[in-house]
Structures are given as structure tokens and as C-alpha cells.
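**Student:** What follows is a protein structure lacking sequence information:
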Ligand code: FSX
Ligand code: SF4
Ligand code: F3S
């Protein structure tokens with residue numbers, strides 16, 4: 001049934017055009033839309049709405065501001081090993097102002113920003129990267145003679161939605177580390193509109209892309225937790241999906257960097273891993289598209305809790321984490337829809353909160369995005385030749 005639906009979409013002219021524009025195969029484009037729908041926790045069939053939105057809808061204008069930060073958020077979007085992720089991001093949005101990426105400078109770029117805000121009044125997405133210093137009237141970060149505080153307020157006034165990208169913009173991040181000399185805070189401390197936060201230092205570009213695709217498909221940003229983080233990405237602890245979890249449960253720990261336990265891939269809890277108190281989908285979504293093992297713990301470094309306010313950049317790296325899942329919680333969330341009332345697409349957009357396993361499915365496709373068809377075929381051939389002797393036994 002699903003297969004048939006995908007086949008009928010494959011010959012849709014908008015899908016053909018979109019795939020061509022993105023230099024992807026039609027099947028690859030639809031796989032991407034299916035993965036995106038799964039990542040967002042949408043019901044079966046939603047990939048058609050996602051495909052239509054990406055293929056047909058007018059790209060939202062984006063005003064992207066930079067304040068106190070290292071530009072790692074932008075770098076993580078643009079430095080994918082293969083060009084696909086940043087190509088997708090730059091295809092689904094119309095980037096009308098971005099200080100790092102724009103060739104223009106000075107009055108020219110200021111004028112471009114004002115023109116974009118005027119032309120897209122009430123419809124543009126405001127993306128803020130970096131913390132906002134509040135001490136001494138906000139003088140520690142100024143652009144074009146205006147403080148970061150004034151710029152955020154000005155740009156937020158007519159924005160349709162606001163995204164704080166990275167831990168700095170979400171809650172102050174690294175610039176707010178004690179003693180926080182500039183009084184750095186997140187965007188939500190400056191304006192009183194809702195702010196969707198995508199923390200991480202840097203954040204995962206796939207989470208940003210999924211958030212924007214949700215906005216494009218449904219005209220609103222995805223459901224968030226009490227800290228403003230999209231639930232599809234931040235509802236599970238790193239510890240829940242960690243590949244070293246069996247070692248934690250069995251009491252096998254690395255005690256020092258480079259010791260036998262570390263070399264064998266044992267759990268990093270005793271080296272200060274904050275996975276047990278950090279909500280993020282790093283182990284399922286991974287970073288870059290280099291394949292398995294591209295996230296901190298898999299590389300042998302403890303999670304420092306970079307997505308978690310009060311943990312990342314606050315708790316010492318070697319301090320052991322508060323374990324929140326030692327005993328099963330008293331109640332678990334429902335994992336199946338009640339019989340009789342199928343969720344509508346609109347309702348699912350609002351309720352798309354429980355996406356732990358689905359995010360894994362999305363990650364698998366995300367991981368493969370950009371790999372050439374030939375490389376995939378070669379990998380498949382290799383796997384099947386490796387399997388053959390075993391079948392004979
Ligand atoms: Fe850097 Fe972004 Fe960290 Fe902050 O990411 S990667 S310091 S979250 O604002 O540029
Ligand atoms: Fe993984 Fe860290 Fe949890 Fe160990 S403590 S299982 S390394 S997340
Ligand atoms: Fe950050 Fe921990 Fe993920 S350090 S990138 S939340 S594994």
C-alpha cells in the first residue's frame with residue numbers, strides 16, 4: 001500500500017521537478033520525505049504532505065542573526081561531508097539575511113535585511129544564533145551600532161515564528177558559563193513571543209531541517225517541551241539510545257581515558273558522561289553523514305550535556321551524572337493510538353511528540369543521504385557476498 005502510494009507520487013510533476021532541483025533521484029527524494037515524516041512522528045501517509053510542501057510551497061523567508069557564539073551552528077549546517085543536507089536546508093528556505101554567508105556588508109546588508117522584513121512582514125522565520133548579552137545595557141554585542149537586544153526585539157516584532165538555534169541562543173550556552181561576565185541569556189529572556197529552541201553546541205542540522213519542514217508543511221513549528229525544544233528530537237535521554245548502554249547495565253566502565261575499558265568501548269559514565277541526564281537524539285540521528293559512530297560517545301568522549309541547560313558548560317566534565325532512569329518510571333507514555341479514532345494529519349502535526357523509534361528510521365535515511373547510488377549498490381553487493389557462505393552452512 002505504502003509502496004503503491006510512493007510509486008504514484010514518483011510520477012507527480014512537482015516531485016519530478018523537486019528531485020531535479022535537488023539533484024536527487026525521485027525515489028531518493030521521496031525516501032527523504034518519508035524519513036522526515038517519520039522523524040517528526042507523523043502518521044503513515046504524511047510523507048505525501050511533506051513531499052508536496054517541499055516541492056511546491058513558497059520557501060519561507062529567513063532572517064538569520066548572529067550574536068555571541070562561535071558560528072558552529074552555521075558551520076554544522078554547511079560542512080556536511082556530502083552536499084545534501086545543506087543543499088536541502090538552502091532549498092527549503094529563502095535565506096534573505098545571514099551575516100556570515102552574505103558577500104555584502106555594512107549599509108548594503110542592513111538595507112537587504114530591512115527590505116526582506118518589509119516584504120515578508122508577518123511571514124518570515126527569525127533564526128537567532130548566539131547568546132544575547134544583557135549586562136551594562138547590552139553593549140558587549142553590537143551590529144551596525146545597535147545592541148543585540150534591540151536587534152532581536154526589532155526583528156521578532158513581525159516574525160511568523162522564532163527559532164533559537166544552538167545552546168547559546170536557547171539559554172545562554174557557553175557564553176553564559178559562570179561567572180557569565182556579559183550577562184548572556186537566551187532569546188526567550190529578551191522577547192515575550194514563543195521561541196522554539198534547538199540546543200546543541202553545535203546543534204544537529206537534521207533537527208533544524210525537520211523543524212523547518214514542519215513549518216513549511218503545517219504552517220506552524222512543531223510541538224515543544226517546557227524548554228521550547230521540539231519533542232520529536234529532545235524527548236529521549238542520550239542514555240536511552242546509547243550503543244554503550246549494555247555496558248552501563250552490566251557495570252562495565254572505562255575508568256580512565258585510554259585504559260582497557262575505554263579501548264574496549266565500555267560505558268563512559270565514570271569519565272563524566274552526562275548522557276543519563278541529557279535529552280537529545282544524537283545517538284539515533286548522528287552527526288555529519290560519515291556513517292556509524294559519528295557522535296561524541298561513539299568517538300570515545302563522554303557526552304558533556306551540551307543540549308541541556310544546567311548541565312552543559314555548568315557541570316564539571318568529570319562530575320558523574322544524575323541517573324534519571326535507574327529504576328523504571330511509575331508510568332510510561334502510551335505507545336499506541338486508541339482504537340476507533342484514527343489521528344488526522346492536522347492533529348498528528350500538533351501531537352507529533354513521541355518519535356523516539358521513528359527518529360531512528362529517519363536517521364537511517366539521513367545517514368544515507370548523499371551517498372551515491374553506486375556506493376550503495378557496492379555496499380549491498382558486499383553484504384550479500386559476505387552473507388552467502390553463512391547461508392550454505
Ligand atoms: Fe558555537 Fe552556535 Fe555552540 Fe553556540 O552553536 S557551536 S558556541 S551553541 O551558538 O556557534
Ligand atoms: Fe552511554 Fe554515557 Fe549512558 Fe554510558 S553513561 S550508556 S556512555 S550515555
Ligand atoms: Fe551534545 Fe551530548 Fe549530544 S555533548 S552533541 S548532547 S552526545
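**Tutor:** Happy to help now that I have it. Computed from a prediction, not measured in an experiment: that's the story for all the values here. Ligands and ions are numbered 1, 2, ... in the order given.

**Student:** Quickly list the domain ranges of this structure.
**Tutor:** 59-215+223-232, 235-328 (automatic domain parsing).

**Student:** Looking at these, which one is packed in the most?
**Tutor:** Comparing those by mean neighbour count (mean count of other C-beta atoms under 10 Å), domain 59-215+223-232 comes out on top with a mean of 20. No exception for glycine: its C-beta is placed from N, CA and C like everyone else's.

**Student:** which residues does residue 293 contact?
**Tutor:** Each residue near residue 293 by C-beta atoms under 8 Å, 6 or more residues apart in numbering is listed here: 286, 299.

**Student:** A helix includes it, no?
**Tutor:** No. Membership of residue 293 in a helix is not supported by DSSP: H, G, I helix; E, B strand; the rest coil, which gives coil.

**Student:** so which of the domains of the chain comes closest to residue 31?
**Tutor:** Among the domains of the chain, the nearest to residue 31 by C-beta to C-beta is domain 59-215+223-232 (11.7 Å).

**Student:** circling back: could you dump the domains of the chain into CSV and include mean pLDDT?
**Tutor:** Output for these, formatted as CSV (pLDDT from 0 to 100):
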stretch, mean pLDDT
domain 59-215+223-232, 91
domain 235-328, 92
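
**Student:** out of these, which comes closest to ligand 2?
**Tutor:** domain 235-328 (2.3 Å; C-beta to the nearest ligand atom).

**Student:** and that closest one, is it in reach of ligand 3?
**Tutor:** Yes. Domain 235-328 lies within reach of ligand 3 by C-beta under 6 Å from any ligand atom, at 238, 278, 280, 282, 295, 296, 297, 303, 304, 305, 306, 307.

**Student:** Out of those, which is nearest to residue 141?
**Tutor:** residue 306 (21.3 Å).

**Student:** for the domains of the chain, which one sits closest to ligand 1?
**Tutor:** Of all these, it is domain 59-215+223-232 that lies closest to ligand 1, at 2.4 Å by C-beta to the nearest ligand atom.

**Student:** from the middle of its chain, how far away would that closest one be?
**Tutor:** Relative to its chain's centre, domain 59-215+223-232 lies at 14 Å (C-alpha atoms, centre = their mean, to the nearest Å).

**Student:** Can you give me the end-to-end span of stretch 300-320?
**Tutor:** Using C-alpha to C-alpha, to the nearest Å, one end of stretch 300-320 lies 16 Å from the other.

**Student:** scratch that, stretch 18-27 is what I was asking about
**Tutor:** Using C-alpha to C-alpha, the two ends of stretch 18-27 sit 11 Å apart.

**Student:** Return the set of buried residues in it.
**Tutor:** By 16 or more other C-beta atoms under 10 Å, the buried positions in stretch 18-27 come out as 18, 19, 22, 24, 26.

**Student:** The last one and residue 19 touch, don't they?
**Tutor:** Yes. The pair residue 26 and residue 19 passes the contact test of C-beta atoms under 8 Å, sitting 4.5 Å apart.

**Student:** before we move on, the earlier item: nearest to residue 203, of the buried residues of stretch 18-27?
**Tutor:** residue 22 (22.4 Å).

**Student:** Quick one: residues contacting the closest one.
**Tutor:** 29, 84, 87, 88, 91.

**Student:** what's the answer for residue 95, then?
**Tutor:** Residue 95 neighbours (C-beta under 8 Å, 6+ apart): 62, 64, 101.
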